[in-house]
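A.B. asks: model the structure of this input:
(chains A, B, C and D)
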Protein chains: 4
Amino acid sequence: KRLRDYGIEIGVLKTGKNNAITDVEGVKVGHTTRYKGEHIRTGVTAILPHSGNLFQLKVPAAIYIGNGFGKLAGYSQVKELGNIETPIVLTNTLSVPVASDALISYTLNANPNVRSVNSIVGETNDGWLNDIRGRHITQDHVLDAIDKASSGPVDEGNVGAGTGTVCFQYKGGIGTASRVVTDKFGGYTVGVLVQSNFGGVLEINGAPVAKELNNYPSQFKYDVDGSCMIVVITDAPLDSRNLERLAKRAIMGLAKTGGIASNGSGDYVIALSTAKKNLIPYSSEEIHRESKVMRNEAMSPLFLATIEATEEAILNSLFAAETMTGRDGHEVKSIPKNKILEILEKHHKIKGN
Amino acid sequence: KRLRDYGIEIGVLKTGKNNAITDVEGVKVGHTTRYKGEHIRTGVTAILPHSGNLFQLKVPAAIYIGNGFGKLAGYSQVKELGNIETPIVLTNTLSVPVASDALISYTLNANPNVRSVNSIVGETNDGWLNDIRGRHITQDHVLDAIDKASSGPVDEGNVGAGTGTVCFQYKGGIGTASRVVTDKFGGYTVGVLVQSNFGGVLEINGAPVAKELNNYPSQFKYDVDGSCMIVVITDAPLDSRNLERLAKRAIMGLAKTGGIASNGSGDYVIALSTAKKNLIPYSSEEIHRESKVMRNEAMSPLFLATIEATEEAILNSLFAAETMTGRDGHEVKSIPKNKILEILEKHHKIKGN
Amino acid sequence: KRLRDYGIEIGVLKTGKNNAITDVEGVKVGHTTRYKGEHIRTGVTAILPHSGNLFQLKVPAAIYIGNGFGKLAGYSQVKELGNIETPIVLTNTLSVPVASDALISYTLNANPNVRSVNSIVGETNDGWLNDIRGRHITQDHVLDAIDKASSGPVDEGNVGAGTGTVCFQYKGGIGTASRVVTDKFGGYTVGVLVQSNFGGVLEINGAPVAKELNNYPSQFKYDVDGSCMIVVITDAPLDSRNLERLAKRAIMGLAKTGGIASNGSGDYVIALSTAKKNLIPYSSEEIHRESKVMRNEAMSPLFLATIEATEEAILNSLFAAETMTGRDGHEVKSIPKNKILEILEKHHKIKGN
Amino acid sequence: KRLRDYGIEIGVLKTGKNNAITDVEGVKVGHTTRYKGEHIRTGVTAILPHSGNLFQLKVPAAIYIGNGFGKLAGYSQVKELGNIETPIVLTNTLSVPVASDALISYTLNANPNVRSVNSIVGETNDGWLNDIRGRHITQDHVLDAIDKASSGPVDEGNVGAGTGTVCFQYKGGIGTASRVVTDKFGGYTVGVLVQSNFGGVLEINGAPVAKELNNYPSQFKYDVDGSCMIVVITDAPLDSRNLERLAKRAIMGLAKTGGIASNGSGDYVIALSTAKKNLIPYSSEEIHRESKVMRNEAMSPLFLATIEATEEAILNSLFAAETMTGRDGHEVKSIPKNKILEILEKHHKIKGN
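C.D. replies: Next up is the predicted model:
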């Protein structure tokens, strides 16, 4: 059951049909989950902004670095050119190179004469539960996640790149959510998908869960302490400048869950706009391109949508994730749902109470 | 009465002695309040990181641009050189030039041969209550705020640069708060002062106040809608790189009050470190300087401190501000405290309930 | 006589009609020169990207900070929103506030209900020749420069904001140049105007002038050593992202004159695109705007044009500036033209030799 | 023969002993050259800032993105944390992932419990001469370049990562140079190494070579047109902020060779400071670290050193590279030295003439 199935509603805006990143038309998500033996707890999640040839029809994009202690591949070209040209792949920290290589293979195969491509790979560190040093992701695992990508509801929790992640000292994972802005502002959808693997002082819909459970780090450690990858996709027609602004708001949603973007957390936001008219052909006879984009003044509702969807996507990841035992017998428990529901009820955070 | 006087406690860290930016040793704050006739509702707030000659003994600093729809003076030199060399002055949008000029006067007077100085002036737009087009701030008002700066408790609400501001559709103003990290991490203090003048969907300590009062913008307007200036000062020895990281966390604290950094909001964070050994002499025979700074790994507690202090400083500004009538009869009410306390009580947000 | 009048040709591209920033249709430039008594050697230069109401019809823009030791006003809003809404004013360092105030006056007068405006003011420090501490620029001087702005040839050398500047230890000043790209790339014009006030090891069209004249700083001083303001305007339809890329290339042109962007040099580039279809109305019923912009792939010729025009604009400023005596009897000589022409001839840098 | 062996001297500062990046004490460079059959023309160049365990003793660093059309790995963590923790590896565009993977292997092998490492890999596209789609670099090739790294003179031209590169339509490759600042400014060395693979309008020591040879692109192509990777290392004690400033100056050196940072050129500068006292231990009981860094005012001589060394390193790469035939029979000629020496002589660019 997802957050809303318990009557917990984040924010004031409406969700899309499936309350998922795939509510943005054309977006597909696929997972490869690697759960094997006692030590392998990792995976790959692929997000496809559209189903065509992404290299031939690039997508306006921006990446915002909330906290740059991470190994994301592809940042500088997106910053410079304002677009992405591959699927977005999420995986574990030490598998960024193989995932990046897989995206090269994927692109070369589909584009015979291409000799340069900018892979977009995000990561968090699942090394507590997963034998990350073993680098158990192969190119096939990555290509498989892309192949299996589909629209509709998205699997959450211990799947794909979220298989072995830890969030607020509980089991984290993949989560997603969406929001729709009012017709006056175009009726656009903002979808968010997260790979949650970070720490802080957990709050759920404003209830001080960590405080009440007395479960938060009293002393922060000298250690790599996770990360959060956030993918934001919208059908609102945005150029890369306004996409970067949108991306910045996702970190504000993360803040509302109690995340603090700790030193060791690699918190990145990848934002894309799928508006068809603004897609960018790789080759063109033209020196110009025409586009239709939102005015700056129309951004605020999309900002709120991004904040709400990010907060909810993170919470969905926690609600979906189940207790897991992994590397060297490490166990990470899922959030204690019964206790949490009690706390939320006490704090009037459940609808109908 | 301040937030804590009602039993409302934000976060998990301890406050400093006065729960104010002045808890950082040596920091002084001064206000000039301009409340005159029916139309003048504005002012100046000056923050002095130390009491010496700031130009001769510069302070490591960084400025983070949360949302750059604003007119802050001084950004690029701080970014390039990593320090500030004047008091920090906050005022209204159209008085940035006169405040900047006043800081030049202030510096030239104290430094006979100096011919270049980088004024730091932040602003928000108080044009709803104040006749901002009248530009009613003079150099004397600015110099007066600097002169009057003192340590100890800080006046909040409708004072200084907060005289005419509006926040979450209620009366905003100046607010402050502080946090102290544990001895293990140096026992340092982080102090925050805000000039609150922005919008969003108000939450107080996690309680959905705006939702329950049904008081939030259902449609965001095509308009300049305020800003938030945030000043963060710490005695932790930080270089400009880690000060910029600290500054970024202040926007996460703003997010927890329900702020969304809307399009028209100029949200800036100015962060400084007052650690004496790292102050930078203007002239020196030396080509080197020695410094002692926090390791990256020791930053996380300071990040949490910044988030908590920012959230509380904003809420303190709302609790201190009183209903005001200004330009053209515009009235902005203070937050409805009784109703809000009821809501907070219902949501178990008041200690002892 | 300008550089080309001596047969010295920079680069490989063609110039516009007047080899000036005003070759971009609609662009106007105006100067106020303050030369009075023994100590006042300063001024104002105003650049108008179009002749309409700039606040009501904003211009896509970007600012690149080559070296941020400077006090330019207006950076963050341009970065955030991607446009400018006032004339661009250049003046001396300590007159940025008064110039900024003048732009507020200018905008408020023309726009009765406006209560927020982002002034764009660049500066360099003319304090060697000018009594800069006296702050001898008034709002009227600024408004006068705007009023007098005209199209056609642009006065260079000791005029406007270049009145008291020093460049490569010679008299600097205002300079301008332009380039036109081939029809295949749209036939667009790139115009550049500089306020030259910086140091390094002077080269002219590749000839090692400073080396041959043995006139360069063998030891760099612990001092504020000038700056260079560069304004780049094009009629090529560029969004703010590609304008920032264009702006970065201007520093490459500066490099070719021997400039090194020394520590104390505030080197900024303001880039604008005047393409009519992309101008941005202040108020609009629409949430979208349509635009036609250059593809990334079509940028390279514009990059080359910017580099060449910047190099030539700086050299034009040196060729136009005349020996000046100013504050405290300080004298700064113009470049020794005869010797330089000999050097250029020897190095085969003059056409026809 | 290198540039200086022909009597061509760039700039005014002295070189280090070998006029190479290895003039900075402790720096080592290693190449793996892949020249095989008709189609494989690629390689790897590794630069080691010191000979210890780089992960355990990190090096202050910054990366400046001159033009971000490139796939460099490792940017964001360097930006955030201000240091690097692996050797720097240069290779071809599509081999970044395998090189990144090799650096992970290298680090994991030497550091048994480490589960996160930020590989630094730069690249340019050698796809004209090399069968880049074949991805002919393996982890062993990368590890081999690291193993073979040595101090002393550095091989230039068609070696390592420069094996298959093209520069100004001639054969490019690896080049290096160094400069020493005067004792007054610490007597520090700045060393530069480049992988040259870009275009523009070639100038050599200010002589308009491309113009005289009539060999420059009259129309820029819609195509990926190379890149330039620049590594700058100094023993001057610099923090990451001043290293970023240093890095920016390298692009000014590139400009002086006629480079224009064209749209398709991925021009990146990686800058490091090897000053021993400032190296950063991975684990420490301390929350602080002490450092001794250059004052901002002492940076200008280092800026000039960087500009000169970069210009000369690029020219050295051209002088060392030899004509090569590669993929599909593509031939790229070396620069026509005799003609060029004639041009330089005519322009008085050769010492003694």
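A.B. asks: low-scoring stretches of the stretch 151-300 of chain A, by residue?
C.D. replies: A:218-225 (pLDDT under 70).
A.B. asks: swap in 80 and give it another go.
C.D. replies: A:216-225 (pLDDT under 80).
A.B. asks: who's in contact with the closest residue to chain C within the stretch 101-250 of chain A?
C.D. replies: Nearest residue of the stretch 101-250 of chain A to chain C: A:Arg241, at 5.4 Å (Cβ to the nearest Cβ). To be clear about C-beta, it is placed using only N, CA and C from the backbone, and glycine gets the same treatment. Neighbour list for A:Arg241: A:Ala62, A:Gly82, C:Gly82, C:Asp239, C:Ser240, C:Arg241 [criterion: Cβ atoms under 8 Å, 6 or more residues apart in numbering or on different chains].
A.B. asks: which helix or which strand is home to it?
C.D. replies: Assessed by DSSP states H and E, A:Arg241 sits inside helix A:240-256.
A.B. asks: which neighbouring elements make contact with the helix or strand just after that helix?
C.D. replies: Per DSSP H and E, the first helix or strand lying C-terminal to helix A:240-256 is strand A:266-273. Applying 3 or more Cβ pairs under 8 Å, 6 or more residues apart in numbering or on different chains; DSSP states H and E, one finds that strand A:266-273 contacts strand A:57-68, strand A:120-124, strand A:227-234, helix A:240-256, helix D:75-81.
A.B. asks: which of those sits most buried?
C.D. replies: Ranked by mean neighbour count, the helices and strands packed on strand A:266-273 are led by strand A:227-234 with a mean of 30 (mean count of other Cβ atoms under 10 Å in any protein chain shown).
A.B. asks: any idea how far it is from the middle of the chain?
C.D. replies: Relative to the centre of its chain, strand A:227-234 is centred 3 Å away, using Cα atoms, centre = their mean, to the nearest Å.
A.B. asks: for chain A, what lies in contact range of chain D?
C.D. replies: By Cβ under 8 Å from any Cβ of the partner chain, the residues of chain A that approach chain D are A:65, A:67-77, A:79-81, A:93-94, A:96-98, A:100-101, A:104, A:108, A:115-119, A:125, A:127, A:132-133, A:135, A:222, A:224, A:266, A:268, A:283-284.
A.B. asks: in PyMOL, how would I select just the buried ones from those residues?
C.D. replies: To isolate the buried ones among the residues of chain A next to chain D in PyMOL, judged by 16 or more other Cβ atoms under 10 Å in any protein chain shown, type:
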select buried, chain A and resi 65+67+68+69+70+71+72+73+74+75+76+77+79+80+81+93+94+96+97+98+100+101+104+108+115+116+117+118+119+125+127+132+133+135+222+224+266+268
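A.B. asks: next, give phi and psi for the residue located most distally from the centre of chain A.
C.D. replies: Most distant from the centre of chain A: A:Glu285, at 35.7 Å, with distances by Cα atoms, centre = their mean. Dihedral angles of A:Glu285 (phi, psi; degrees, to the nearest 10) stand at phi -80, psi -20.
A.B. asks: distance check, it against C:Phe185.
C.D. replies: 13 Å (Cβ to Cβ, to the nearest Å).
A.B. asks: repeat that for A:Asn197.
C.D. replies: A:Asn197 is 47 Å from C:Phe185, by Cβ to Cβ.
A.B. asks: quick one: name the residues of chain A near chain C.
C.D. replies: So far as Cβ under 8 Å from any Cβ goes, chain A lies against chain C at A:80-82, A:185-186, A:237, A:239-241, A:245, A:280, A:284, A:286-298.
A.B. asks: what's the neighbour count on A:Pro153?
C.D. replies: 15 (other Cβ atoms under 10 Å in any protein chain shown).
A.B. asks: list phi and psi for it.
C.D. replies: phi -60, psi 150.
A.B. asks: now for the closest residue in space to A:Lys14 that isn't next to it in sequence: which residues touch it?
C.D. replies: Using Cβ to Cβ, 6 or more residues apart in numbering or on different chains and skipping residues adjacent in sequence, the residue nearest A:Lys14 is A:Val180, 5.1 Å away. Residues near A:Val180 by Cβ under 8 Å, 6+ apart: A:Leu13, A:Lys14, A:Thr15, A:Gly16, A:Asp23, A:Gly187, A:Tyr188, A:Thr189, A:Val190, A:Ala305.
A.B. asks: surely the fifth one meets A:Ser178?
C.D. replies: Yes. With contact defined as Cβ atoms under 8 Å, A:Asp23 reaches A:Ser178; the gap is 4.2 Å.
A.B. asks: shared neighbours of those two, which are they?
C.D. replies: Common neighbours of A:Asp23 and A:Ser178 (criterion: Cβ under 8 Å, 6+ apart): A:Thr15, A:Gly16, A:Thr189, A:Gly191.
A.B. asks: returning to that earlier point: so between A:Asp23 and A:Ser178, which is more surrounded?
C.D. replies: A:Ser178 (29 against 26).
A.B. asks: buried residues in the helix or strand harbouring that one, which are they?
C.D. replies: A:Ser178 belongs to strand A:174-180 when assigned by DSSP H and E. Residues of strand A:174-180 classed as buried: A:Ile174, A:Gly175, A:Thr176, A:Ala177, A:Ser178, A:Arg179, A:Val180 (neighbour count, 16+ other Cβ under 10 Å).
A.B. asks: circling back: which of A:Asn197 and C:Phe185 has more neighbours?
C.D. replies: A side-by-side neighbour count of A:Asn197 and C:Phe185, using other Cβ under 10 Å, places A:Asn197 first with 29 against 19.
A.B. asks: residues of the stretch 1-150 of chain A that sit close to chain B?
C.D. replies: With Cβ under 8 Å from any Cβ as the criterion, the stretch 1-150 of chain A meets chain B at residues A:Gly11, A:Val12, A:Gly66, A:Asn67.
A.B. asks: let's see it at 7 Å
C.D. replies: A:Val12 (Cβ under 7 Å from any Cβ of the partner chain).
A.B. asks: before we move on, back to that, just the C-alphas of the helix holding A:Arg241, formatted as PDB.
C.D. replies: Output of helix A:240-256 as PDB, limited to C-alpha atoms (Å, rounded to 0.1, in the frame of the first residue of the first chain):
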ATOM      1  CA  SER A 240      16.800  24.400 -19.700                       C
ATOM      2  CA  ARG A 241      16.900  27.600 -17.700                       C
ATOM      3  CA  ASN A 242      13.500  27.100 -16.200                       C
ATOM      4  CA  LEU A 243      14.100  23.300 -15.900                       C
ATOM      5  CA  GLU A 244      17.100  24.100 -13.700                       C
ATOM      6  CA  ARG A 245      14.900  26.300 -11.500                       C
ATOM      7  CA  LEU A 246      12.300  23.500 -11.300                       C
ATOM      8  CA  ALA A 247      15.100  21.000 -10.300                       C
ATOM      9  CA  LYS A 248      16.200  23.200  -7.500                       C
ATOM     10  CA  ARG A 249      12.700  23.000  -5.900                       C
ATOM     11  CA  ALA A 250      12.900  19.200  -5.700                       C
ATOM     12  CA  ILE A 251      15.500  19.600  -2.900                       C
ATOM     13  CA  MET A 252      12.900  21.700  -1.000                       C
ATOM     14  CA  GLY A 253      10.600  18.700  -1.200                       C
ATOM     15  CA  LEU A 254      13.400  16.500   0.100                       C
ATOM     16  CA  ALA A 255      13.900  19.000   3.000                       C
ATOM     17  CA  LYS A 256      10.200  18.500   4.000                       C
END
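A.B. asks: pull the distance from that helix to the chain's centre.
C.D. replies: 12 Å.
A.B. asks: okay, the angle between it and strand A:57-68?
C.D. replies: 40 degrees (axes from the mean of the first three to the mean of the last three Cα atoms, to 10 degrees).
A.B. asks: what residue in the stretch 201-350 of chain A comes nearest to chain B?
C.D. replies: A:Gly206 (3.0 Å).
A.B. asks: once you drop chain neighbours, what's closest to that residue?
C.D. replies: Nearest residue to A:Gly206, sequence neighbours excluded (Cβ to Cβ, 6+ apart): B:Gly206, at 3.0 Å.
A.B. asks: how much space separates the one you found from B:Ile340?
C.D. replies: 13 Å.
A.B. asks: which of these two has more neighbours?
C.D. replies: B:Gly206 (25 against 22).
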